[in-house]
Structures are given as C-alpha cells and as structure tokens.
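A.B. asks: sequence plus predicted model, see below.
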Amino acid sequence: GAVVSQHPSWVICKSGTSVKIECRSLDFQATTMFWYRQFPKQSLMLMATSNEGSKATYEQGVEKDKFLINHASLTLSTLTVTSAHPEDSSFYICSAILETANYGYTFGSGTRLTVV
Amino acid sequence: KNQVEQSPQSLIILEGKNCTLQCNYTVSPFSNLRWYKQDTGRGPVSLTIMTFSENTKSNGRYTATLDADTKQSSLHITASQLSDSASYICVVFSGGSYIPTFGRGTSLIVHP
C-alpha cells in the first residue's frame, strides 16, 4: 500500500532558527502533496498544496515566506519553518495522493515542532 | 460552505463494548467519505473509504455506513479494545477536488 514517510517525528529548536520537515512517498510517485497543521484537540488545517516542479499554493492566512515549501521531485516535499517562534509550535502533517481509480489519500506520521 | 460535523466530541467506553460514532456533512458535490483513526502524536490512518453508491463497508471490527440522501455516516466499532483509544476523523471529498473537508474528530477512550 501507499506509504508516506515524514521526518523528523519531533524536533525542538530555538527561536529564530529554521527547521526543515521532509515528506516522502516511499512506494509511489506523488505529483501533489499537502501540508497540514494541527493544534491540540483541533482538526487538521490545510496550510498549502505542494505541486511537483511548481510553486506551492498556500491557504489564506498562511505566510509563504514563513513556511517555505519545496517539491523538487515526485517523491519528496519539504516544509521549512523559517525564523521559528514559539507560536509556530504545533503538529505538522503531510499527505500525498495515490492517483489511482480510487485514489488513496495517505498521511505521514507527523512532526511535533516545539520552539523554545 | 462545506462542513463536516462529528458527534459525540468525546466518548468513554469499557473494553469489549460496542460504540457508534456519527458524521454529518454538507459537502457538495459529494465524491467520497473516509474514516481515519489518529493515535495521539501520529498521523491519521485510513479505516474505510466510501463512495456515493456504497452503503456499508467493513474493515475488521470497524464498520462504516453511508446514507448519501441524508448526508450521514457512522462508524461502528465492535468489541472495543484498549488500542482503539484514539481520535476518529470523518473526512469528506468533493468531486473534482483533492482537498477534503475534515471533521473535528471524536476522541474515544477505552477503559479496561
């Protein structure tokens, strides 16, 4: 089945530094990946749609210069949180589409970011 | 506006008991509805996928139902186990879009 690997699973960083999160589709190619953010006891909130070989599409209210997304290959998308602040602390989850007749929508295992 | 409402918000049951979670949606046009299980600190894992023409789908002890006319779905868990403790999220896709609408989830706690 479709597997999406997300790394790291957790990270602690200092305010002002940048953090990169990787999302890989292990056994399929994903032209489209998605990045979500989830606060405790809240629903997943879509941040951006990552398209291979082109610019990401950001949701309203998401700062594209703050959350840099790169989808350089059909199996890898990265999210870089730049100049992180404590309010950026959250659970970040990626997902990818398996474009079959009954397409699978598979999530990564998530990354817990804590900014201190 | 597309919306997905889940109930109850939280549920506590004893191990071995059955339970049913509800999902009502107003997503249009409807494509498919999925139930995911999300363990604490993990990404959601797919349990079932149902299209317009499907009324019932099972995955082990999980059985999902769909009534496309009333726009309601349920997830029934049989003979609950401690490992069923998680958040269960109802996700609805509209036709022509890969961007779904998420419910807020039902937090299930199974006590021994």
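C.D. replies: Cool, the structure landed.
A.B. asks: sheet-wise, list the partners of the helix or strand of chain A with the lowest mean pLDDT with their directions.
C.D. replies: When each helix and strand of chain A is scored by mean pLDDT, DSSP states H and E, strand A:104-107 comes last, with a mean of 87. Next to strand A:104-107 in the sheet, as set by DSSP bridges, lie strand A:90-98 (antiparallel).
A.B. asks: contacts made by the partner strand with the rest, please.
C.D. replies: Contacts to strand A:90-98, defined as CB atoms under 8 Å, 6 or more residues apart in numbering or on different chains, come from residues A:2, A:4, A:6, A:21, A:23, A:25, A:28, A:30-39, A:44, A:77, A:79, A:103-108, A:110-113, B:41, B:43-44, B:98. C-beta here means a position set from N, CA and C on the backbone, and glycine is covered the same way.
A.B. asks: how far is that strand from where the chain is centred?
C.D. replies: Computed by CA atoms, centre = their mean, to the nearest Å, the separation of strand A:90-98 from the middle of its chain amounts to 5 Å.
A.B. asks: check which residues of it are buried.
C.D. replies: Of the residues in strand A:90-98, A:Ser90, A:Phe91, A:Tyr92, A:Ile93, A:Cys94, A:Ser95, A:Ala96, A:Ile97, A:Leu98 count as buried by neighbour count, 16 or more other CB atoms under 10 Å in any protein chain shown.
A.B. asks: do the same with stretch A:33-49
C.D. replies: A:33-38, A:43-49.
A.B. asks: check stretch B:76-89 too.
C.D. replies: B:Ile77, B:Ser80, B:Asp84, B:Ser85, B:Ala86, B:Ser87, B:Tyr88, B:Ile89.
A.B. asks: isn't the fifth one up against B:Tyr36?
C.D. replies: Think B:Ala86. No: using CB atoms under 8 Å, B:Ala86 makes no contact with B:Tyr36, being 9.5 Å away.
A.B. asks: what does chain A put close to chain B?
C.D. replies: Counting by CB under 8 Å from any CB of the partner chain, the residues of chain A close to chain B are A:4, A:6, A:32, A:34, A:41-44, A:46, A:49, A:91, A:93, A:95, A:97, A:102-110, A:112.
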